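[1] here is a sequence with its predicted model. Questions after.
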Amino acid sequence: MLEISDTRLASAALALGFPGEVHATIHASSRETRITVRFDAPSQRFPQLQLRRLVEHWRSSRFLRPVNASPNETWPAEPGHLMAVAMRAQMAYDALAKAQAEGLHLHLEAERDADGLPMFYDAQIHRDAPPASQHPVRVCDDMALTAALMPLGFQPRISGSPGAHRYSLPIQGRPVRLDTGHVHQYSLDTLIAFAQHGPRRLALEDTQPLHPLVIGYDSLHARALLKKEIRFAQANLLITDPAGTARQALITLNAKGHVHAAVERHFHAPPGSLNL
């Protein structure tokens with residue numbers, strides 16, 4: 001079992017098909033709430049992936065350089081890995097949220113390979129606005145879609161007020177190296193079309209389900225769903241022994257009196273001394 005407390009990593013894992021379960025725990029001694037997502041099953045979408053390895057690789061290098069996992073195993077650099085793509089969308093979303101909340105601007109900076117070719121773009125927050133796009137623009141009101149587009153070379157200009165922000169995007173992205181090694185500039189109109197039938201989804205999902213935009217957008221959709229799960233999660237109360245032993249008890253917040261009595265007996269504590 002793997003527990004993840006980072007909402008971004010958990011969202012990326014959910015988007016890659018790993019079933020997860022939200023657990024909310026309130027520590028009785030500090031009254032602090034800890035939220036984790038527990039994963040204990042293979043991915044239903046990509047069964048060959050190993051979640052623990054993906055999380056460790058991201059935390060160690062963001063897939064940008066090899067990681068010596070053990071004396072006999074080295075994980076290669078994989079900047080185009082599905083997990084890396086999903087997490088870059090998460091980071092772009094955070095940068096976009098911070099910029100619009102603080103009235104700042106985003107600048108895209110290329111992450112380049114050994115040959116100097118741009119592999120993807122990171123968002124940096126600045127006080128000064130970026131140069132105006134030399135291309136015509138389209139206006140988008142979908143924050144998640146805008147964030148998923150940013151690593152592909154589409155720099156947004158933010159307008160509007162809180163709750164009604166809009167994003168002006170150039171119709172042509174900046175150059176980016178594809179997995180084939182070729183350098184390409186994406187066309188916005190071919191990326192952002194939505195499927196005409198069924199639930200709201202990118203049309204690209206039906207033709208290129210592993211496209212970086214699809215994976216990034218899936219990751220941010222999973223984040224929105226996870227936030228709802230967390231909001232309504234039923235918290236448990238974690239009680240530690242006031243005497244300092246390793247004993248612990250985990251009970252629901254609405255546990256009955258006989259449960260409280262059993263916990264007090266477990267800790268050899270006088271009735272009422274645990275403030276349950």
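    That came in fine, so what should we check first?

[2] now the strands for the stretch 101-250 of the chain?
    105-112, 118-126, 137-140, 157-159, 166-170, 176-177, 183-184, 236-240, 248-252 (DSSP state E, counting those that start in this stretch).

[3] save those strands as JSON lines, and put in mean neighbour count, distance to residue 230 and mean pLDDT too.
    The C-beta positions use only the backbone N, C-alpha and C, and glycine is treated the same way. Output for the strands of the stretch 101-250 of the chain, formatted as JSON lines (neighbours: other Cβ atoms under 10 Å; distance: least, Cβ to Cβ, whole Å; pLDDT from 0 to 100):
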{"stretch": "strand 105-112", "mean neighbour count": "17", "distance to residue 230": "27", "mean pLDDT": "95"}
{"stretch": "strand 118-126", "mean neighbour count": "17", "distance to residue 230": "25", "mean pLDDT": "96"}
{"stretch": "strand 137-140", "mean neighbour count": "15", "distance to residue 230": "27", "mean pLDDT": "92"}
{"stretch": "strand 157-159", "mean neighbour count": "16", "distance to residue 230": "27", "mean pLDDT": "92"}
{"stretch": "strand 166-170", "mean neighbour count": "21", "distance to residue 230": "26", "mean pLDDT": "95"}
{"stretch": "strand 176-177", "mean neighbour count": "20", "distance to residue 230": "34", "mean pLDDT": "96"}
{"stretch": "strand 183-184", "mean neighbour count": "12", "distance to residue 230": "38", "mean pLDDT": "95"}
{"stretch": "strand 236-240", "mean neighbour count": "18", "distance to residue 230": "14", "mean pLDDT": "52"}
{"stretch": "strand 248-252", "mean neighbour count": "15", "distance to residue 230": "17", "mean pLDDT": "46"}
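
[4] now tabulate those in a markdown table and tack on distance to residue 19.
    Formatted as a markdown table, those follow (distance: least, Cβ to Cβ, whole Å):
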| stretch | distance to residue 19 |
| --- | --- |
| strand 105-112 | 31 |
| strand 118-126 | 28 |
| strand 137-140 | 31 |
| strand 157-159 | 36 |
| strand 166-170 | 33 |
| strand 176-177 | 32 |
| strand 183-184 | 35 |
| strand 236-240 | 20 |
| strand 248-252 | 22 |
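
[5] nearest to residue 94, out of those strands?
    strand 118-126 (8.7 Å; Cβ to Cβ).

[6] for residue 73, find the nearest of the strands of the stretch 101-250 of the chain.
    For the strands of the stretch 101-250 of the chain, proximity to residue 73 was assessed by Cβ to Cβ; strand 118-126 is nearest, at 24.3 Å.

[7] which helices and strands does that closest one pack with?
    Contact partners of strand 118-126 among helices and strands, from 3 or more Cβ pairs under 8 Å, 6 or more residues apart in numbering; DSSP states H and E: helix 82-102, strand 105-112, strand 176-177.

[8] quick one: end-to-end distance for stretch 179-191.
    By Cα to Cα, to the nearest Å, the extent of stretch 179-191 from end to end equals 17 Å.
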